[in-house]
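Asks: mind looking at a prediction? Sequence and model below.
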Amino acid sequence: MTDKRVLTIQDISCMGQCSLTVALPIISACGVETIILPSAVLSTHTGGFTGYTFRDLTEDIPGIMNHWKSENIRFDCLYTGYLGSITQIDYVTELKKEVIREDGLLIVDPAMADFGSLYYGFDQNFVEHMARLCGTADVILPNMTEAAFMTGSELMLENHTEEYILDLIEKLSALGARKVVLKGISYEPDKIGVAVYDSTTKALQYYFTEKISKGSHGTGDCYAAAFTGALMQGRDTLEAAKIAADFVVECIKKTVDDDSHWYGVKFEKALPMLVQELNK
């Protein structure tokens, strides 16, 4: 097991099992020290709840970063999740420069869209800024909607062809990221998977799992956190992508029979499986 320190910047949705409320425990369970930088605090996530509270913490970010600099605190990896504004995207660039080790990694989950639509409050200008941030990353983790929006491509949410996926991946790679992990690929009705692409070697690899029909909030965040933890523990990109995919399937299986648990997945019950996999 390695001894790494990850900084993750995204919001805290106090109730809802997404963003920092899953990133902190999942990456920590991987045996990786996890430092959080909250971009906002919400009483719940926005997917199905109404009347939630919201406090923007953008103005706090520079002070936190400057304190870390004064204490000479450095991180081995910066993993970004949901960012609420272009200003926050710009702060990620500063964080990478100021508090990430010279050989540290930038992992970007461009969490801004799904199921064919942008999240509330985002527009094309935000998409373009996120695409530029992805261009500076070591690894990006877009879903199909985010990939299509960032590359100006036709959006296909199902019945994919290999030609379509390859074209999408090549366009994502052209943004500048070293490695692309494209999520949500489906060539068969009962399978869903990821494509892992190395922009340097041009190697493309796939990994598929069973497709569970019931969708769940927060699975993208669970995937990104497990991927980051596995990568920090020395697994290569494909291995980390596989571990994260299997973990998410296990999370959904632990939740699928409980209709009252609609707001997220019971990732806590799947953590033993993740730890066991990393200890092999």
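Replies: Done, it's in.
Asks: how about the helices of this structure, start to end?
Replies: 20-29, 61-70, 86-99, 124-134, 144-151, 162-174, 219-232, 237-253, 271-278 (DSSP state H).
Asks: tell me who's in contact with the nearest residue to Cys18 once chain neighbours are set aside.
Replies: Nearest residue to Cys18 in three dimensions, chain neighbours excluded: Gly218, at 3.7 Å (Cβ to Cβ, 6 or more residues apart in numbering). C-beta coordinates here come from the backbone N, C-alpha and C atoms, glycine included. By Cβ atoms under 8 Å, 6 or more residues apart in numbering, the residues touching Gly218 are 16-19, 22, 45, 264-265, 267.
Asks: same thing with Ser199?
Replies: With contact taken as Cβ under 8 Å, 6+ apart, Ser199 is in contact with 173, 177-180.
Asks: how about a markdown table for the contacts of Gly218, with pLDDT and distance to Gln10 added?
Replies: Shown next, in a markdown table, are those (pLDDT from 0 to 100; distance: Cβ to Cβ, whole Å):
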| residue | pLDDT | distance to Gln10 |
| --- | --- | --- |
| Gly16 | 94 | 13 |
| Gln17 | 95 | 13 |
| Cys18 | 95 | 9 |
| Ser19 | 96 | 5 |
| Val22 | 97 | 10 |
| His45 | 93 | 11 |
| Gly264 | 95 | 15 |
| Val265 | 96 | 17 |
| Phe267 | 97 | 16 |
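Asks: quick one: which of these sit in strands?
Replies: Among the contacts of Gly218, none falls in strands (DSSP state E).
Asks: between these, which sits nearest Val127?
Replies: Nearest to Val127 among these is Ser19, at 19.6 Å by Cβ to Cβ.
Asks: what separation is there between that closest one and Leu204?
Replies: Remark: distance between Ser19 and Leu204 (Cβ to Cβ, to the nearest Å) = 30 Å.
Asks: looking at these two, which has the bigger crowd around it?
Replies: Ser19 (26 against 17; other Cβ atoms under 10 Å).
Asks: in this protein, where is pLDDT below threshold?
Replies: Regions of the chain meeting the criterion pLDDT under 70 cover residues 1-2.
Asks: in CSV, list the C-alpha atoms belonging to stretch 248-260.
Replies: Extracted in CSV, the C-alpha atoms of stretch 248-260 (Å, rounded to 0.1, in the frame of the first residue of the first chain):
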residue,chain,number,x,y,z
VAL,A,248,-20.3,0.9,-8.4
VAL,A,249,-22.2,-2.3,-9.5
GLU,A,250,-21.8,-3.6,-6.0
CYS,A,251,-23.1,-0.3,-4.6
ILE,A,252,-26.2,-0.5,-6.8
LYS,A,253,-26.9,-4.1,-5.9
LYS,A,254,-26.8,-3.2,-2.2
THR,A,255,-29.5,-0.5,-2.9
VAL,A,256,-31.7,-1.8,-5.7
ASP,A,257,-34.3,-3.6,-3.5
ASP,A,258,-34.9,-0.6,-1.3
ASP,A,259,-37.3,1.8,-3.0
SER,A,260,-37.1,4.3,-0.1
